[in-house]
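**Q** Need coordinates for the below:
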Amino acid sequence: MDELSWNGLVTLESRIDRAIVGALRGQDLSGFEIWRWLGSEDGTLGLLAETDLYPTLYRLEAEHLLQSDWYEGERTRRKYRLTATALQRAEENGWPPLAFRGRPGPSSEPERTGRAVSPDPDSGSWFVPPKAEPVGTTPLPSAPPASATGSAAIDGYSNELGAALDLPRVELDRVRQEIADHLADSRSTLALGGLDEPAATSEVIDRLGNPRDLATRINLAQHTQDRRGRAVRRAVIELVAEMVLWLSLSVAVFVLAPGVCDVVIRLGRVAGLDLTVLRSAAWATNQMAIMVCLGAFAAGRLSMGHLARISRHRDATLRRRWAPAGAAAVLALALLLPGYQDGLVVATLLATPLAFVVGTYRPKHVNESSYTWRGVASAILVVAAVTLLPAERLFAYDPNATPGAPLAPGQAPGELTVYQQPDGTFDYEIPQPAGTGVVSVELWPASTDGLFIVVDRSATAPTISVRAGTPTSDATAAPAGAQAVDFGKLPPYPQWWVVAVTTGQNGSRTALDVVIQTGASPNPGTALGWLIAHL
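**A** Modelled structure (predicted):
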């Protein structure tokens, strides 16, 4: 089969593509080596212009025909090799390797270990007849070191090129370094031919042309429709996966946080403090809201990194569209996520789109996700940190603050225990001191005063008073003699001051113990519904 291009059309571009594939059969070559072989008069009669070299190589990479990596030798160089796709097409079309006598590159660039060179030219060349003295057959002597002026000119060219490239940082640095290496090698070759350094430097820069024009061509070669499509798909998958992951992790926080709060309260008692965490239904939802906010940051960071890396665009080029689009999707999730809402929960959920946008300003360009060992370790640390955040609803209170019922001298004679029954009502249990009558449990409306819980100043009497039970041998049974309280039938206070009080024969009231309870839970809803109801 003797087709000259992938699609059968004989064009200059297709002949150059076929020549590059042939030159790389069995060996890895740098861009400069490929140009020395194919772009010279001795190679392909000048069909491959030096200014076309790297746009062509990057286009073939985008088409999955070439791969490239940095190789360590006397000097680090970026070298290209054929992919399995290119080898398969070459075999299917009967394209033999492009063969010349000797090696195509300078002797200072050793072959990659374990890779064969092109076969002997007697086997025939399908591109151009082999010359008597092809490129690279004569070893080249070492070029004299470049002067500071020559290096500055090359650095200036590569810097101007980099400023005009629309590529992510890693890819931009790669292109700048590769072009700078090419210019240095080309200058050394001209210097070895007898041209003085200033003239050689000027010559090689002129060959590559205006750096902004070259950058435009490289951008066009890199920014393919296939890459854009793959980048958007990967970014969307990463965004959804991160949000699902962090929503799932919020379950772990929901399970662990109550136990942590108990530890904090017990540590407070050891330190002589009376602490409480207002464990309302909204408190549990807020743990989930915090995890959603953190997940939005991770989603912005990882999706933006994959989007830029795969599509080969700068972050700033993509952020103008991706950040608002992703933030809108995250905001829709936050507004419609079911749960128990209050002002703090809603504020946390409304921060999720901002967290996503902030994440896009710190993208992770390496090919990683939250599912690597490092990502899993980070997620565990985040879960632990959020679990240890009861301070957002942690308050102190003074048990002596019950109106008309100071705490008994010394330690409280008993500990008031709260039991929630299957029907949603609450019973109270406390060991009754000897010689006392029936101990009552009073519920006073409470309010927050800074970091403290206090009895509401407008209250002149308890809202309800019930009889406390005594401990039973069966921990699952209701306390003996206890009266149940249905918070759904009480005024809608967010928290209640619950105190066990014993009344003496002379009418003196003594508080035995105080606990803080949250009010009846509101019906679950969404942040959007909460905003509509309150704005």
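
**Q** show me where the stretch 301-450 of the chain has strands.
**A** Applying DSSP state E, counting those that start in this stretch to the stretch 301-450 of the chain gives strands spanning 394-397, 417-420, 426-429, 440-449.

**Q** Turn those into a markdown table, including distance to Thr352, mean neighbour count and mean pLDDT.
**A** For the C-beta atoms, the positions are set from N, CA and C on the backbone; glycine is no exception. Shown next, in a markdown table, are these (distance: least, Cβ to Cβ, whole Å; neighbours: other Cβ atoms under 10 Å; pLDDT from 0 to 100):
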| stretch | distance to Thr352 | mean neighbour count | mean pLDDT |
| --- | --- | --- | --- |
| strand 394-397 | 24 | 18 | 92 |
| strand 417-420 | 32 | 14 | 87 |
| strand 426-429 | 35 | 23 | 90 |
| strand 440-449 | 26 | 20 | 93 |
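
**Q** Which one of the ones you listed lies nearest to Thr360?
**A** Nearest to Thr360 among the strands of the stretch 301-450 of the chain is strand 394-397; the distance by Cβ to Cβ comes to 33.4 Å.

**Q** returning to that earlier point: with distance to Asn219 as added columns, please give the strands of the stretch 301-450 of the chain in CSV.
**A** CSV is the format used below for the strands of the stretch 301-450 of the chain (distance: least, Cβ to Cβ, whole Å):
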stretch, distance to Asn219
strand 394-397, 54
strand 417-420, 65
strand 426-429, 68
strand 440-449, 58
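
**Q** Show me what counts as buried in stretch 20-34.
**A** Applying a neighbour-count criterion of 16 or more other Cβ atoms under 10 Å, one finds 20-25, 27-34 buried in stretch 20-34.

**Q** Of those, which is the nearest to Gly375?
**A** Of the buried residues of stretch 20-34, the one sitting nearest to Gly375 (Cβ to Cβ) turns out to be Asp28, at 33.3 Å.

**Q** which of the buried residues of stretch 20-34 lies closest to His365?
**A** Here the nearest of these to His365, counting by Cβ to Cβ, is Gly31; it sits at 23.1 Å.

**Q** if I pick that closest one, what's in contact with it?
**A** 53-54, 57, 78, 80, 178, 182 (Cβ atoms under 8 Å, 6 or more residues apart in numbering).

**Q** cutoff 7 Å now
**A** Residues near Gly31 by Cβ atoms under 7 Å, 6 or more residues apart in numbering: 53-54, 57, 78, 178, 182.

**Q** What separation do you get for it and Tyr58?
**A** To Tyr58, Gly31 is 10 Å away according to Cβ to Cβ, to the nearest Å.

**Q** on that earlier part again, list the ones among the buried residues of stretch 20-34 that fall in helices.
**A** 20-23, 31-34 (DSSP state H).

**Q** for this structure, what are the low-confidence residue spans?
**A** 1-12, 40-47, 74, 99-148, 367-370, 390-392, 410-413, 434-437, 472-478 (pLDDT under 70).

**Q** Could you list the domains of it?
**A** Annotated domains of the chain cover 12-222, 225-393, 398-518 [automatic domain parsing].

**Q** right, and those - which one's nearest Leu528?
**A** Nearest to Leu528, of these and by Cβ to Cβ, is domain 225-393 at 4.1 Å.

**Q** Run the chain-centre distance for that closest one.
**A** Here the centre of mass of C-alpha atoms in domain 225-393, compared against the chain's by Cα atoms, centre = their mean, to the nearest Å, lies 10 Å away.

**Q** now do stretch 525-535
**A** From the chain centre to the centre of stretch 525-535 is a distance of 30 Å (Cα atoms, centre = their mean).

**Q** quick one: contacts of that stretch?
**A** Stretch 525-535 is contacted from outside by 334-338, 341, 346, 349, using Cβ under 7 Å, 6+ apart.

**Q** Span of stretch 193-202 from start to end?
**A** 15 Å (Cα to Cα, to the nearest Å).

**Q** I'd assumed Thr201 was in contact with Gly150.
**A** Yes. Gly150 lies in contact with Thr201 (Cβ atoms under 7 Å); the separation is 4.6 Å.

**Q** Compare these two (neighbour count), which wins?
**A** Thr201 (26 against 20; other Cβ atoms under 10 Å).

**Q** Against which helices or strands is the helix or strand hosting the more buried one packed?
**A** If you go by DSSP states H and E, Thr201 is part of helix 197-208. If contacts are counted by 3 or more Cβ pairs under 7 Å, 6 or more residues apart in numbering; DSSP states H and E, helix 197-208 sits against helix 50-62, helix 148-164, helix 169-192.

**Q** so how far is it off the chain centroid?
**A** Distance, centroid of helix 197-208 to centroid of chain: 44 Å (Cα atoms, centre = their mean).

**Q** Tell me the spacing between the closest residue to Leu278 other than its chain neighbours and Thr285.
**A** With Cβ to Cβ, 6 or more residues apart in numbering as the criterion, Leu278 has its nearest non-adjacent residue at 4.5 Å, and that residue is Arg393. As judged by Cβ to Cβ, Arg393 and Thr285 stand 12 Å apart.

**Q** before we move on, what about Ala377?
**A** For Ala377 relative to Thr285 (Cβ to Cβ), the value is 27 Å.

**Q** Comparing the two, which shows the higher neighbour count?
**A** Thr285 (25 against 10).

**Q** which residues does that one contact?
**A** Counting by Cβ under 7 Å, 6+ apart, the residues that Thr285 touches are 339-341, 345.

**Q** Generate JSON lines for those, with distance to Arg314 as supplementary columns.
**A** Output for those, formatted as JSON lines (distance: Cβ to Cβ, whole Å):
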{"residue": "Gly339", "distance to Arg314": "38"}
{"residue": "Tyr340", "distance to Arg314": "43"}
{"residue": "Gln341", "distance to Arg314": "39"}
{"residue": "Val345", "distance to Arg314": "37"}
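
**Q** For these, pick the one with the most neighbours.
**A** Gln341 (27 neighbours).

**Q** so the helix holding Thr201 versus helix 148-164, what angle?
**A** Using axes from the mean of the first three to the mean of the last three Cα atoms, to 10 degrees, the direction of helix 197-208 lies 20 degrees away from that of helix 148-164.
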